[in-house]
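# All I have is the shape, not the residue letters:
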């Protein structure tokens, strides 16, 4: 399934500790990569792919991805 979803500021898109399926693409806006209380990186480039390594490596996500402001994310929920 492929779907575009609008996320609000601060909303968790991909939580830490979850085993992923598929991947996401940033369509517009910005996201933050967060570990604990620390923002490790802010991503603002439309077309950026994220969230795929959890499924590829078969490991739980080590970080949380959350919206920084309003953003639109394309969720591709297909097994890689």
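Everything's here; your move. Predicted, not measured: the structure shown is a model, and the values here were computed from it.
# just checking, what packs against the helix or strand harbouring residue 3?
Using DSSP states H and E, residue 3 maps to strand 2-7. Packing partners of strand 2-7 (3 or more Cβ pairs under 8 Å, 6 or more residues apart in numbering; DSSP states H and E): strand 71-76. Where you see a C-beta, it was placed from the backbone N, CA and C, and this is true even at glycine.
# Run the angle between the strand it packs on and strand 2-7 for me.
150 degrees (axes from the mean of the first three to the mean of the last three Cα atoms, to 10 degrees).
# starting at the chain centroid, how far to strand 71-76?
Here the centre of strand 71-76 is set off from its chain's centre by 8 Å, with Cα atoms, centre = their mean, to the nearest Å.
# Also stretch 31-48?
Stretch 31-48 sits 9 Å away from the centroid of its parent chain (Cα atoms, centre = their mean).
# And for that stretch, what's in contact with it?
Contact with stretch 31-48 is made by 13, 16, 25-30, 50, 62-68, 71, 73, as judged by Cβ atoms under 8 Å, 6 or more residues apart in numbering.
# what comes up buried for it?
For stretch 31-48, a neighbour-count test (16 or more other Cβ atoms under 10 Å) marks 31-34, 43 as buried.
# Kindly report the same for stretch 64-71.
For stretch 64-71, burial by neighbour count (16+ other Cβ under 10 Å) applies to 64-68, 71.
# now those in TSV, with distance to residue 57, pLDDT and secondary structure?
Output for the buried residues of stretch 64-71, formatted as TSV (distance: Cβ to Cβ, whole Å; pLDDT from 0 to 100; DSSP: H, G, I helix; E, B strand; the rest coil):
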residue	distance to residue 57	pLDDT	secondary structure
64	17	97	strand
65	16	98	strand
66	21	98	strand
67	24	98	strand
68	25	98	coil
71	25	98	strand
